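**Q** sharing a sequence plus its predicted fold:
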Amino acid sequence: MIPSPAAIRAATDWLAARARWHPLEVLFWIAAFAAIYLLPGRHLIMTEVAWLGLFALSLDLILGYAGIISLGHAAFFGIGAYAAALLAKHEIIGEPVLALLCAGALAAVVGFLTSFLVLRGSDLTRLMVTLGVALLLREVANRNGWLTGGADGLQGVTIKPIFGMFRFDMFGHTGYIYCLIVLFIFFLIARRLVNSPFGLSLLSVKGNPLRSSAIGISVDARLIAIYTVAAGYAGVAGALLAQTTAFASLEVFSFDRSADLLLVLILGGTGYLYGGLIGAVIFKFMQDFLSSLTPQYWPFWIGLVLVVLVLVGRERMTNWTAPIRRAAARLDWRSFASSPSPTEGR
Amino acid sequence: MPVVLETIGLTKRFTGLVASNDVSLRIEKGARHALIGPNGAGKTTLINLLTGVLRPTAGRILLDGGDIGNLATYKRVQLGIVRTFQINQLFGDLTPLETIGLAVSERRGQGRDWWRVVGSRSDLITEAVEIMERFHLADVMHERTAVLPYGKQRLLEIAVAIACRPRVLLLDEPAAGVPENERHEILAAVAALPDDVTVLLIEHDMDIVFSFADRISVLVNGALFVEGTPNEVARDARVKAVYLGEEMVDA
């Protein structure tokens, strides 16, 4: 039987639209880069938004795409932060970009080794195992004060100029540009990855592991692969924190950090890569705004937002924003009026 | 005809229950082999053993004479033992196009490609569309699987298995729960399966079994009870007694 050319054409077009850049995406990145010039006074907080965004993106890769929930993602963030700080302090690798990549690679190795712990079991088991790994690493860092500085944190770190040319400054100008470029590059890689056959197979593993193995997918191997990649991403995010603050402390491993990260992802939504980035913007600016209003009680308001968000439900909020999204869809000059967006409803 | 799939003394014990009891089965290449038996006879357990979802307590499973009893499910699929599920096991958030395309790309060993964008191989798309047209799914190929009518989901269930290009296809009650008016589509799809694909069919509906099968095995309490051609099984007094009853007389 020879398939009809019209059907092949429709399938090809639809798949092409699946990975195409949406105008809103382009707008998002233009805004992020425009902030370099437009918001020079906010670069310190924007720096935090950038590395938090990368960190949340990393959690989205395992939670939104592979369905692995984690309460201990700070484990890899912490590895990356300490690695970057130690490499700089002892001048093992002075150049920040190279040190960043090494820190990420080390976190990926730790991610690979611990990935076997999250293969089996339910969501609850995974929550406990990931939490346990992070607590364990925090205690290891605490006990080895000769290396990590223990509870005082790692003092006396100086970060050399990027490529020997761009010096970090106290206003965060270099820091923001650096973090944004790193975020953008890693985002592009992640975007490519989730739109690949491998990315599609992750969604299938998340949706139905039983059927996935019944079509010849080695479920375990795919989960190990994405967990390792995500750990590397988290390590890079941690390294960005250490390099932009020239400091690393036990707090990088803390439970609060992992929990906040889940909150960031819940704020922004999972499974479309931008959730972590948008969530990071909302979280950091909300935190900044609320803590200037009520320095002591801002967590109360963050908690309230979380409760409202969960009670109202994302779907209802999505419905409220439907007119905006329809307008945005019209903006998409290349899409066909009749064909539904491939990412809709996911 | 050569034997493709063979089990030797296959046994699965759960605590206090023998789900499969010393089952020795030989399935010939290209056969239309039906596996029938009352509820709880161990039919689905046998499928789970053949596909590697369960590990046998004892016995061996041979594919073309080679022991596959210790292989993981996905490796057996790659060797050509593919199944469908009695209760739909589909990817609700994916479309039929994505689902079939995924199965085809995995079969070709391209499922780990992480730098290539989905949809960049035209021959893969052509194959996926061909399968969807054959299973009447082309008109819904961009819908989310979760919102498809049940009959379409049942068709997709079989189409996904076909996309894996099976040598031995294990069909677990393909028409289960399908409303009468959509039934003929499923039956036509099953009847039109390629001749070189060996099919092992589990089914309760005796009309389907007797119109489809050229060989029937009857399973009772986990053990092989009777095996033979449809005529032999239909005439077998013991089968009538334990299982088929009046239904058989009609057939």
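**A** That came through fine. None of the values given here were measured: they were computed from a predicted structure.
**Q** which SS class is the residue nearest to B:A146 when sequence neighbours are not counted?
**A** Among residues not flanking B:A146 along the chain, B:G92 sits closest, at 3.5 Å (Cβ to Cβ, 6 or more residues apart in numbering or on different chains). To be clear about C-beta, it is placed using only N, CA and C from the backbone, and glycine gets the same treatment. Three-state call for B:G92 (DSSP: H, G, I helix; E, B strand; the rest coil): coil.
**Q** number of residues surrounding B:G92?
**A** B:G92 has 13 neighbouring residues, counting by other Cβ atoms under 10 Å in any protein chain shown.
**Q** residues in contact with it?
**A** Taking Cβ atoms under 8 Å, 6 or more residues apart in numbering or on different chains, we find B:G92 in contact with A:207-208, B:144-146.
**Q** what helix or strand is A:V205 on?
**A** Here A:V205 is covered by helix A:197-207, with elements defined by DSSP states H and E.
**Q** now that helix, how far from the chain's geometric center?
**A** Put simply, helix A:197-207 sits 18 Å off its chain's centre (Cα atoms, centre = their mean, to the nearest Å).
**Q** so does the next helix or strand after that helix get close to chain B?
**A** The C-terminal neighbour of helix A:197-207 among helices and strands, as given by DSSP H and E, is helix A:209-214. Yes: against chain B, helix A:209-214 shows contacts by Cβ under 8 Å from any Cβ of the partner chain at A:210-211, A:213-214.
**Q** mind checking how far the closest residue to A:W29 other than its chain neighbours is from A:G104?
**A** Nearest residue to A:W29 in three dimensions, chain neighbours excluded: A:F184, at 6.8 Å (Cβ to Cβ, 6+ apart). From A:F184 over to A:G104 the distance is 15 Å, taken as Cβ to Cβ, to the nearest Å.
**Q** cool, and B:G111?
**A** With the distance defined as Cβ to Cβ, B:G111 ends up 25 Å from A:G104.
**Q** so for B:R235, what's the pLDDT?
**A** B:R235 carries a pLDDT value of 89.
**Q** one more: A:T148?
**A** If you check A:T148, the pLDDT there is 92.
**Q** what about it, neighbour count?
**A** 21.
**Q** excluding covalently adjacent residues, which one is nearest to it?
**A** With Cβ to Cβ, 6+ apart, the residue lying closest to A:T148 is A:A141, at 4.6 Å.
**Q** please apply the same query to A:I177.
**A** Closest residue to A:I177 apart from its sequence neighbours, by Cβ to Cβ, 6+ apart: A:I36 at 5.9 Å.
**Q** just checking, the one you found touches A:G175?
**A** No: counting by Cβ atoms under 8 Å, A:I36 does not reach A:G175; the two are 11.3 Å apart.
**Q** mind telling me which residue of the stretch 51-200 of chain B is nearest chain A?
**A** As assessed by Cβ to the nearest Cβ, chain A sits closest to B:G119 within the stretch 51-200 of chain B, at 2.7 Å.
**Q** phi, psi for that residue please.
**A** Dihedral pair for B:G119: phi 90, psi 10, per degrees, to the nearest 10.
**Q** before we move on, what about B:S217?
**A** Main-chain dihedrals, B:S217, degrees, to the nearest 10: phi -110, psi 130.
**Q** likewise for the one 3 residues further on?
**A** Its backbone dihedrals place B:V220 at phi -130, psi 130, with angles given as degrees, to the nearest 10.
**Q** number of nearby residues for it?
**A** 19.
**Q** that one pairs with what?
**A** Beta-bridge partners of B:V220, counted by DSSP bridges, are B:A223.
**Q** apart from its neighbours in sequence, what residue is nearest the closest residue to chain B within chain A?
**A** Among the residues of chain A, A:L15 lies closest to chain B, at 2.7 Å counting by Cβ to the nearest Cβ. Closest residue to A:L15 apart from its sequence neighbours, by Cβ to Cβ, 6+ apart: B:G119 at 2.7 Å.
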